[in-house]
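[1] Got a sequence here, can you model it:
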Amino acid sequence: MELNEMEKRMLFQTEGSERYAILHEMLMASRYAKDLDRRKAADSLMEKLRPLSDKECMEIVHDIRKNYRLPKGGKTVGELIAEARQKSDAEQLKGHDIMALERFDPETRHMVIFEVFSGDSFVGDKGDRMRLFLTDAGYRKFQERQENGEIKIQEHLKVASDGNFYHDYNRNEEHIR
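    Numbers count the residues shown, from 1 in each chain. Okay, here's the model as predicted:
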């Protein structure tokens, strides 16, 4: 797929870990960007990415995130964050973004990072690493699914009403993030 410089630059800054999230980011850029060239690039990207499968789309996005280098000159905050993410080589998890609105829902009490073991899982595909924010009832279901061997919870943190995390065993709610 042939991408121009502006399209590459926009994909480099995306946060999404799935095709629909990338398309949503492009839709928001198309609607709200003040720069006409940026709007046109977002529209063009959406047209190029819509016919692709999730896998094909994310292969392109991952390649851009890994190999693209910004030209010299002034950089936006989004570009600086994307560069830092690229340098850290941190794995991007599927599911909820770390700053997802679900984190701040008053009912949310748990954040889990888990791996999907089952091919017919209720969420994700076999081998996916995911992050989700859950209610108490949702977390109990996840514990049951772990007992059944569908998933393996790799990290669990409690979520305070203000969205901060703390370890389950720390009763004084010492915030860690």
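[2] going forward, measure contacts between C-alpha atoms and count neighbours the same way
    OK.
[3] Could you name the helices and strands sitting against the helix or strand harbouring Ile22?
    Taking DSSP states H and E as the criterion, Ile22 maps to helix 19-32. Packing partners of helix 19-32 (3 or more Cα pairs under 8 Å, 6 or more residues apart in numbering; DSSP states H and E): helix 36-49, helix 54-67.
[4] ok, and what's touching the first one?
    For helix 36-49, contacts defined as Cα atoms under 8 Å, 6 or more residues apart in numbering pick out Met6, Glu7, Met10, Leu23, Met26, Leu27, Ala29, Ser30, Arg31, Tyr32, Ala33, Cys57.
[5] now the last one
    Outside helix 54-67, the residues within contact range by Cα under 8 Å, 6+ apart are Lys8, Leu11, Phe12, Gln13, Ser17, Glu18, Arg19, Tyr20, Leu49, Ala82, Gln86.
[6] So for the last one, what's the pLDDT?
    I take that to be Gln86. If you check Gln86, the pLDDT there is 69.
[7] that older thread, any idea of the mean pLDDT in the helix holding Ile22?
    pLDDT averaged over helix 19-32 gives 88.
[8] So which of the helices and strands packed on helix 19-32 is nearest Leu134?
    Of all those, helix 54-67 sits nearest to Leu134, with 24.8 Å by Cα to Cα.
[9] That'll do, ta.
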